[in-house]
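**Student:** Below is the sequence, then the predicted model.
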Amino acid sequence: MKPQVLLVLLLGLVLLLRLQGVPLEGWQASETENKLTPVRRQLADNINRLLPEPQGALLSGILLGVKSDLPKHFKEALVNTSTIHIAVVSGQNLSLLAGFILNLAGLIGRRKAIILSWLACLFYTFLTGLEIPVLRAFIMVSFTFLAQILGRENESVWILILTALLMLIFQPLWITSISFQLSFLATLAVVAVAPRVIERLKFVPEIIREDFGVSFSAQLLTFPIIALNFHNLSLIGLLVNTLVLWTITPIMILGVVSLSLSFLFGNVVMLLPGVFLTYFVYIVNFFAQVPLASIYIPSMPIIVWVGYYLLLSGIIMMLRKS
């Protein structure tokens, strides 16, 4: 069975649940109470003590997935600019962690680097409270590592589908979780759609071409889920995402380094991620005040969104053939 068929079946299940009256926002992953929960809270408290608001809350959200610390006014600005997904922990964090440790392969050997990277990813998954996007990324990374050890070809779309099926076998109600739906659709956009979109963006300056293509692809695939549940469309979301997306990697890397060194040098080391965090906050707050930054999307028949995905699938298949 082709991966596209499986994806259509999964999407069809979501739409069927909606037709049956099952709320897509009905189930959310709860805060996982484990031995690392106090560690997570302590790290978030340290960040908030070392950085002003909302920079501290933003870093806590990006690194640790602590959403409760975000000030209400800034959270609304994130929603209106379609950047709220950046301010919470995501699979990108785990991918960066895995990639960083794999760079040690030249020193300790490829197999040992893979094992060390997997253990670090496992620790981070529990540290962030088993958030769905991180759990999804951990399972995908595990399959990728297994394929490398066995010398098999890495098929990102198949790995994504297998990950979705395993997670749904473990907890079928995850299919009704907005976090689950957005995480998988955004990842599908990155691995299957964005590369072909970026190839056709020669007119976009190279410095922002990749971020623009990824943001555009992700918003294309996630728009119906956002419209169905939040009835909101950000008219400036693509622009704002393109302007701030590049800061996430330095924020995460410098945030971890600065947090580690802060026990020795205090808050002075937080100047490093603070520069990027302040830029992020300024851009979001500035564009959130733009008139008509977002518009209300009324409820529409489910057939409209079915048609949307069918049309989008047809366009993507045409791009693949060309």
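**Tutor:** Right, received. Where do you want to start? Numbers count the residues shown, from 1 in each chain.
**Student:** What's the mean pLDDT across the longest helix anywhere in the chain?
**Tutor:** In the chain, with assignment by DSSP state H, the single longest helix is helix 206-230. Mean per-residue pLDDT for helix 206-230: 87.
**Student:** residues of it that come out buried?
**Tutor:** 209-228 (16 or more other C-beta atoms under 10 Å). The C-beta positions use only the backbone N, C-alpha and C, and glycine is treated the same way.
**Student:** Please name every helix or strand in contact with it.
**Tutor:** helix 178-188, helix 194-199, strand 232-234, helix 237-244, helix 302-321 (3 or more C-beta pairs under 8 Å, 6 or more residues apart in numbering; DSSP states H and E).
**Student:** Point out the most buried one among those.
**Tutor:** Across those, averaging neighbours per residue (mean count of other C-beta atoms under 10 Å) puts helix 178-188 on top, at a mean of 23.
**Student:** Show me what that helix is packed against.
**Tutor:** Using 3+ C-beta pairs under 8 Å, 6+ apart: helix 178-188 touches helix 3-19, helix 132-150, helix 156-170, helix 206-230.
**Student:** Name the residues that touch the longest one?
**Tutor:** To tie it back to what came earlier, the one meant is helix 206-230. If you take C-beta atoms under 8 Å, 6 or more residues apart in numbering as the criterion, helix 206-230 is touched by 18, 24-25, 79, 82, 178, 181-182, 185-186, 188-190, 193-194, 197-198, 201, 204, 232-233, 237-238, 241-242, 245-246, 297, 300, 305, 308-309, 312.
**Student:** list the contacts for D69?
**Tutor:** D69 makes contact with A44, N48, G56, A57, S60, G61 under the criterion C-beta under 8 Å, 6+ apart.
**Student:** what about the first one, distance to I169?
**Tutor:** Note on A44: its distance to I169, by C-beta to C-beta, to the nearest Å, is 32 Å.
**Student:** again, but for the fifth one
**Tutor:** Taken as C-beta to C-beta, the spacing of S60 relative to I169 amounts to 32 Å.
**Student:** higher neighbour count, those two?
**Tutor:** The residue with more neighbours, out of S60 and I169 and counting by other C-beta atoms under 10 Å, is S60; that gives 29 against 9.
**Student:** Return the residues in contact with that one.
**Tutor:** Neighbouring residues of S60 by C-beta under 8 Å, 6+ apart: L43, A44, I47, N48, V66, D69.
**Student:** any weak-confidence spans in the stretch 201-322 of the chain?
**Tutor:** 322 (pLDDT under 70).
**Student:** hang on, the earlier thing: nearest to T144 among the contacts of D69?
**Tutor:** G61 (26.0 Å; C-beta to C-beta).
**Student:** continuing past the strand or helix carrying the closest one, what's the next helix or strand?
**Tutor:** Using DSSP states H and E, G61 falls within helix 55-64. Using DSSP H and E, the next helix or strand after helix 55-64 towards the C-terminus is helix 72-80.
**Student:** Contacts for that following helix, please.
**Tutor:** With C-beta under 8 Å, 6+ apart as the test, helix 72-80 has contacts from 53-54, 57-58, 70, 84, 86-87, 230, 232, 234, 281, 284-285, 288, 293-294.
**Student:** Report the buried members of the residues you listed.
**Tutor:** Using 16+ other C-beta under 10 Å, the buried ones in those are 54, 57-58, 70, 84, 86-87, 234, 281, 284, 288, 293-294.
**Student:** Closest one to W158 out of the residues you listed, please.
**Tutor:** I86 (27.4 Å).
**Student:** so is the closest residue to the closest one other than its chain neighbours in a helix, a strand, or just coil?
**Tutor:** Closest residue in space to I86, ignoring its immediate chain neighbours: I248 at 6.3 Å, by C-beta to C-beta, 6 or more residues apart in numbering. Counting by DSSP: H, G, I helix; E, B strand; the rest coil, the backbone at I248 sits in helix.
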